[in-house]
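1. What follows is a protein structure lacking sequence information:
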């Protein structure tokens, strides 16, 4: 339940008293300097939906927060309480909220051992959400009746919002057909953290798993030709070669090529820069081209995505390698497929991946939105 209390200013504020049934926290310190550091905390609600959250934890040392964003905080000694901002208090099941802070410390800077969301200790125990259907996809457009009006509203919104919806030729659909059912990536490692050969390979495997969750949602639908797509990481871009702790030549390595103030893979090899699919100046030729970039950025909360690739936090990506669904990455891949954002409007169907923060995996509604794109674009491929 939500109790209404009177603030000192006389305004009414909502105070949450309902305990969450479960939660998971990812704590990281993306930067540290003499006597100070910055931290990020991402908390996922694994229980029933809540409207108003309070995260409590205690530092194990002398850490003192002096600035925090995306929430409000109080600190008494080592004990910290962070409450939601006015705009991020509603957390559906499996939805995530995150905040960042700057702090001082002396001596060691160890991470807090225990977190609690609305009084319940975060142990990572999950409550599953409704996934996308696992039954065979229908061969034609026949969405469930309870989704039809929302799907129509989404497509109309896209037609009204994007000026070149049908003329644009670099959706992931286009990339897949051009490469005959495979996708090449280059990783932009925008971090000073070292990368071992084992971590390099884990990053590639996880990327393929997440990408193919969208492919699995499409397999068998209305002439979609693929059931599994090989995802190949063909290159890494870094500021400093010493960041990459391997010496084999299994991938191309780009050092010191900076674009958007971040490492950039060779532009002569990128489809974003050569959408005709020709790479005459790419060292090694077509086999070394990349269709999209996976831009892993230290300290980043949230993500970005489009026809050029996906951008997420490097700590988020690495810390979630063992999770079944990297929901931020899945959301950004959805944008590469053309799927809309829903920050400023609601189609009338709640709890789906493309409505950021409301689901942690591809849902039935996300699946039908992707199928809607395919049925509108497949004629360009003669299918």
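-> Structure's in. What do you need? Source: prediction; values computed, not measured.
2. So for stretch 174-186, what gets flagged as buried?
-> 174, 175, 176, 177, 178, 179, 183, 184, 185, 186 (16 or more other Cβ atoms under 10 Å). To be clear about C-beta, it is placed using only N, CA and C from the backbone, and glycine gets the same treatment.
3. Closest one to residue 144 out of these, please.
-> Closest approach to residue 144 among the buried residues of stretch 174-186 (Cβ to Cβ): residue 176, at 26.2 Å.
4. In JSON lines, list the buried residues of stretch 174-186 along with pLDDT.
-> Shown next, in JSON lines, are the buried residues of stretch 174-186 (pLDDT from 0 to 100):
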{"residue": "174", "pLDDT": "96"}
{"residue": "175", "pLDDT": "96"}
{"residue": "176", "pLDDT": "96"}
{"residue": "177", "pLDDT": "95"}
{"residue": "178", "pLDDT": "94"}
{"residue": "179", "pLDDT": "92"}
{"residue": "183", "pLDDT": "95"}
{"residue": "184", "pLDDT": "95"}
{"residue": "185", "pLDDT": "97"}
{"residue": "186", "pLDDT": "97"}
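5. Point out the ones among the residues you listed that are inside strands.
-> Among the buried residues of stretch 174-186, DSSP state E puts 183, 184, 185, 186 in strands.
6. Need the max-distance pair from those residues.
-> Most distant of these, by Cβ to Cβ, are 183 and 186, 11.3 Å apart.
7. re the thing from before, among the buried residues of stretch 174-186, which two are most distant?
-> 177 and 186 (20.3 Å).
8. Quick check: phi and psi on residue 369?
-> According to degrees, to the nearest 10, the main-chain angles of residue 369 amount to phi -60, psi -40.
9. and it, what is it in contact with?
-> The contact partners of residue 369, by Cβ atoms under 8 Å, 6 or more residues apart in numbering, come to 151, 154, 339, 340, 354.
10. What distance do you get for residue 54 to residue 355?
-> 24 Å (Cβ to Cβ, to the nearest Å).
11. Surely residue 381 touches residue 176?
-> No - Residue 381 lies out of contact with residue 176 (Cβ atoms under 8 Å); the separation is 9.4 Å.
12. check contacts around the spatially most central residue of the chain.
-> For the chain, the residue nearest the mean C-alpha position is residue 328 (1.6 Å; Cα atoms, centre = their mean). Neighbouring residues of residue 328 by Cβ under 8 Å, 6+ apart: 302, 303, 312, 313, 316.
13. Quick check: pLDDT value at the last one.
-> Think residue 316. On the pLDDT scale, residue 316 is placed at 94.
14. same check, this time on the second one
-> If you check residue 303, the pLDDT there is 93.
15. How much space separates residue 314 from residue 323?
-> Applying Cβ to Cβ to residue 314 and residue 323 gives a distance of 15 Å.
16. Then residue 267?
-> For residue 267, the distance to residue 323 - Cβ to Cβ - is 33 Å.
17. just residue 357 next, same as before
-> 16 Å.
18. So if I had to pick from the two, which one is more boxed in?
-> residue 357 (22 against 16; other Cβ atoms under 10 Å).
19. so the more buried one, which of the three states?
-> coil (DSSP: H, G, I helix; E, B strand; the rest coil).
20. neighbours of the nearest residue to residue 171 once chain neighbours are set aside, just the number please.
-> Once flanking residues are discounted, residue 171 sits nearest to residue 338: 5.1 Å by Cβ to Cβ, 6 or more residues apart in numbering. Neighbourhood size, residue 338 [other Cβ under 10 Å]: 22.
21. One more: residue 78?
-> Neighbour tally, residue 78, other Cβ under 10 Å: 14.
22. Quick check: it touching residue 60?
-> Yes - here residue 78 reaches residue 60: they are 7.3 Å apart, a contact under Cβ under 8 Å.
23. Please name the strands paired to the stretch of helix or strand residue 75 belongs to in the sheet, noting orientation.
-> Element membership for residue 75 (DSSP states H and E) is strand 71-76. If you go by DSSP bridges, strand 71-76 pairs up with strand 79-84 (antiparallel).
24. Could I get the buried residue list for the partner strand?
-> For strand 79-84, a neighbour-count test (16+ other Cβ under 10 Å) marks 80, 82, 83, 84 as buried.
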